[in-house]
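Engineer: need a structure here:
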Amino acid sequence: MKRAVPVLSVLALGGVLLLSGCQSNSQRCVNGKCHVTVNGAGQTVEVNDVDVTVSQISDQGMTVSAGGSAPATIATGQGAQVGPVSIRVTSIEGQKVKFDLR
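Structural biologist: Predicted coordinates:
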C-alpha cells in the first residue's frame, strides 16, 4: 500500500500538467510598465499585485477585467483603463495575446 500513494501522486501531477499545458503566460515589468503575454483565454494572472483576467481572445481583441472590474474588450493597437490599470493590446495571434499594462 505504501507504493500506491507515490504512483497516485505522479498520475495526479501528470493530469494537472496535461490540463494546464494549453495555457501559459509570461510577464516582464520595468518601472511599473509590464509587457504581458497570455496564451489561452480563461486565465487570471497577477501583474503588479493586480489580478488580471483574460476571459476571451479573438481577432477583434481581448476581453479583460482587472482588480474585480467589469470586463472590457480592447482591440489590437487600442488601450483602455480597466479597473485600476491601463492596458494596451499590442498583438493577437490565434489564442496568444500580448499587452502592456501600467
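
Engineer: all strands of the protein, in order?
Structural biologist: 24-30, 33-39, 43-47, 50-58, 61-66, 72-74, 79-82, 85-93, 96-101 (DSSP state E).

Engineer: next one: residue 48 from residue 101, what distance?
Structural biologist: 7 Å (Cβ to Cβ, to the nearest Å). C-beta: built from backbone N, CA, C; applies to glycine.

Engineer: who are the contact partners of residue 26?
Structural biologist: 36-37 (Cβ atoms under 8 Å, 6 or more residues apart in numbering).

Engineer: export stretch 46-54 to PDB, keeping only CA atoms.
Structural biologist: The C-alpha coordinates for stretch 46-54 follow below in PDB (Å, rounded to 0.1, in the frame of the first residue of the first chain):
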ATOM      1  CA  GLU A  46      -1.200  38.600 -11.200                       C
ATOM      2  CA  VAL A  47       0.600  41.600 -12.600                       C
ATOM      3  CA  ASN A  48       1.900  44.300 -10.200                       C
ATOM      4  CA  ASP A  49      -0.300  42.900  -7.400                       C
ATOM      5  CA  VAL A  50      -3.500  43.200  -9.500                       C
ATOM      6  CA  ASP A  51      -5.400  40.200 -10.700                       C
ATOM      7  CA  VAL A  52      -6.000  40.400 -14.500                       C
ATOM      8  CA  THR A  53      -8.400  38.000 -16.100                       C
ATOM      9  CA  VAL A  54      -8.300  37.400 -19.800                       C
END
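
Engineer: which of the strands of the chain has the lowest mean pLDDT?
Structural biologist: Comparing mean pLDDT over the strands of the chain, the weakest stretch is strand 24-30, at a mean of 90.

Engineer: in its sheet, what does it sit against?
Structural biologist: Strands that pair with strand 24-30, judged by DSSP bridges, come out as strand 33-39 (antiparallel).

Engineer: circling back to that earlier point, what touches both of residue 48 and residue 101?
Structural biologist: Common neighbours of residue 48 and residue 101 (Cβ under 8 Å, 6+ apart) are 34, 85.

Engineer: who has more neighbours, these two?
Structural biologist: residue 101 (23 against 15; other Cβ atoms under 10 Å).
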